[in-house]
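Trainee: need a structure here:
(one chain, ligands or ions: 2)
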Amino acid sequence: MPALASGCGGGDADLANGKRLFTGEGQCGSCHVLARAGTGGRIGPNLDQAFLASRLSGLGETTIRDVVQLQIAQVRRGSLMPEDLVVGDDARDVAAYVAQAAGVPGEDPGGTVAGQPLLGSGDEGKRTFNAAGCASCHSLSDAGASAAVGPGLDDAARGGGTPQPPAEWLRQSIVDPNAVLAPGYRRNLMPEDYAQRLDAREVDQLVDYLLRVGRR
Ligand code: HEC
Ligand code: HEC
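Mentor: Ligands and ions are numbered 1, 2, ... in the order given. Alright, predicted model coming up:
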């Protein structure tokens, strides 16, 4: 479903592939510090430091991704950084991974295998769940939420009885709530603008969180 994967942030980049390439032997991590990837190379600049300021000044993930992708493709003459270390989709994936990881505290628990959660302990997802107002309409035991405007989300990890994989169904339910309505509910009860209000990482964190704390 291309309409869902694109939109903001990493587009349809494969973050797991990006992380695998970043941390691979002789790759980016051997020259760069990136805390979330667990790499400590000292030959090039520390990428957390390089992008922290941009992140704090509100520079979006898309911009950071473009900067990284440009750096990979156009290294200055005489640099120690090899040119075109990764190309094509791989370069896109690495850049998207760095853009979502650089300057963000913590370390990714795993996530070099597609589908494995990349994005931390789940605390971020819980915080977003509350900050984005989900708790004002939904019940969810882990978040101590008990509102009943929308369906309870303790069973959301099961995928709502649709044939879609639960992660995809959850993502769609958040960014495009009218695409599939929960039985018994009418259209337009759930805000439709989360795709704009949340960035790609926040949506990922929410999906990871709901999958992790829900009944299977
Ligand atoms: C052999 C060491 C080496 C490898 C491998 C390497 N880099 Fe670099 N990188 C550097 C050096 C040195 C610089 C400093 C700028 C320059 O020399 O042009 C740099 C600069 C950068 C910058 C700019 C940082 C800033 O402060 O503006 C980014 C982004 C970057 N590298 C990302 C990557 C990515 C992503 C990879 C993997 C695809 C990678 N690097 C692989 C050595 C390396
Ligand atoms: C103003 C109330 C409201 C808010 C705020 C809200 N929702 Fe909803 N949500 C609903 C309603 C009503 C439905 C059922 C109708 C539908 O499927 O769109 C729903 C459906 C869902 C579903 C599908 C559930 C099912 O069983 O089909 C999920 C998942 C979901 N919301 C997650 C979230 C998350 C995550 C947030 C916060 C980012 C959120 N919602 C914010 C009202 C809300």
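
Trainee: Run through this protein and note the low-pLDDT ranges.
Mentor: Low-confidence segments of the chain (pLDDT under 70): 1-11, 105-123.

Trainee: could you redo the last one with a cut-off of 50?
Mentor: Applying pLDDT under 50 to the chain flags the ranges 1-10, 112-117, 119-121.

Trainee: Report the separation between residue 80 and ligand 2.
Mentor: 44 Å (CB to the nearest ligand atom, to the nearest Å). Glycine gets a C-beta too; all of them are placed from N, C-alpha and C.

Trainee: Could you look up the SS state of the nearest residue to residue 83 once chain neighbours are set aside?
Mentor: Nearest residue to residue 83 in three dimensions, chain neighbours excluded: residue 75, at 4.7 Å (CB to CB, 6 or more residues apart in numbering). Three-state call for residue 75 (DSSP: H, G, I helix; E, B strand; the rest coil): coil.

Trainee: Give me the phi and psi for the closest residue to residue 155 other than its chain neighbours.
Mentor: Ranked by CB to CB, 6+ apart and with sequence neighbours excluded, the top spatial neighbour of residue 155 is residue 215, at 5.5 Å. Per-residue torsions, residue 215: phi -70, psi 140 (degrees, to the nearest 10).

Trainee: So residue 215 is in contact with residue 153, correct?
Mentor: No. In this structure, residue 215 is not within contact of residue 153 by CB atoms under 8 Å, at 10.1 Å.

Trainee: neighbour count winner among the two?
Mentor: Counted by other CB atoms under 10 Å, residue 215 and residue 153 do not tie: residue 153 has more neighbours, with 23 against 9.

Trainee: residues in contact with the more buried one?
Mentor: 134, 138, 139, 140, 210, 214 (CB atoms under 8 Å, 6 or more residues apart in numbering).

Trainee: show me the contacts for the residue sitting furthest away from the middle of the chain.
Mentor: Distance to the chain centre peaks in the chain at residue 78, reaching 34.4 Å (criterion: CA atoms, centre = their mean). Contact partners of residue 78, counting by CB under 8 Å, 6+ apart, are absent.
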